[in-house]
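Colleague: Model the following, please.
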Amino acid sequence: MTRPEEIELRIVPVLATLALLATPALAQQAGHQGMNHQGMDHSKMMQPTAANPYGPAEMDMHQKMMAAKGADAGETWIRKMIEHHRGAVAMSQIALRSSQNAEVRGEAQKAITSQNREIATLNAMLRKMGKPAQ
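Modeller: Below you'll find the model as predicted:
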């Protein structure tokens with residue numbers, strides 16, 4: 001039988017390690033929750049530039065993913081993934097317009113095709129579940 005002091009000797013280092021690992025994440029979360037987001041214009045942080053024209057598309061995708069909800073975890077996942085794939089399409093369309101690199105443009109076109117295929121598959125799953133497509 002293990003004595004209580006032996007258990008304590010085993011548990012304390014584990015708890016100390018967990019506390020050290022969790023502290024940065026907890027501090028970051030606490031700091032973010034304590035921030036006043038009223039009056040912040042996130043769109044200014046996402047202004048497109050020649051080197052990074054994707055900000056508005058990323059923000060749109062993020063907002064739509066956060067808003068996507070279903071009746072259960074499976075439906076919610078499908079709806080969030082549809083918005084994720086739509087975001088990839090939007091970013092790929094920007095790459096087609098903005099990049100002169102033939103290889104980038106080719107991959108962007110392939111991404112548009114594959115992401116649209118994924119969106120169709122996910123919408124078919126919703127319809128099969130008796131849910132409206134999005």
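Colleague: buried set for the helix or strand harbouring Glu75?
Modeller: Secondary structure assigned from DSSP states H and E places Glu75 in helix 73-98. For helix 73-98, the neighbour count (16 or more other CB atoms under 10 Å) marks 75, 78-92, 94-95, 98 as buried. Backbone N, C-alpha and C define where each C-beta goes, glycine included.
Colleague: could you point out which element follows that helix?
Modeller: Counting by DSSP H and E, what follows helix 73-98 is helix 102-128.
Colleague: What angle do helix 73-98 and that following helix make with each other?
Modeller: In terms of direction (axes from the mean of the first three to the mean of the last three CA atoms, to 10 degrees), helix 102-128 departs from helix 73-98 by 150 degrees.
Colleague: Could you list the domains of this structure?
Modeller: Domain assignment for the chain, taken from automatic domain parsing, gives 1-31, 50-128.
Colleague: which of those domains sits most buried?
Modeller: Comparing those by mean neighbour count (mean count of other CB atoms under 10 Å), domain 50-128 comes out on top with a mean of 15.
Colleague: For the protein, which helix or strand comes out least confident on mean pLDDT?
Modeller: Every helix and strand of the chain was ranked by mean pLDDT, DSSP states H and E. The lowest is helix 4-33, at a mean of 51.
Colleague: residues in contact with Ala57?
Modeller: 87, 90-91, 94 (CB atoms under 8 Å, 6 or more residues apart in numbering).
Colleague: got a pLDDT number for Met46?
Modeller: The model reports Met46 with a pLDDT of 74.
Colleague: Can you report how many residues lie near it?
Modeller: For Met46, the neighbour count with other CB atoms under 10 Å is 16.
Colleague: Which of the domains of the chain has the lowest mean pLDDT?
Modeller: Taking the mean pLDDT of the domains of the chain, domain 1-31 comes last: a mean of 51.
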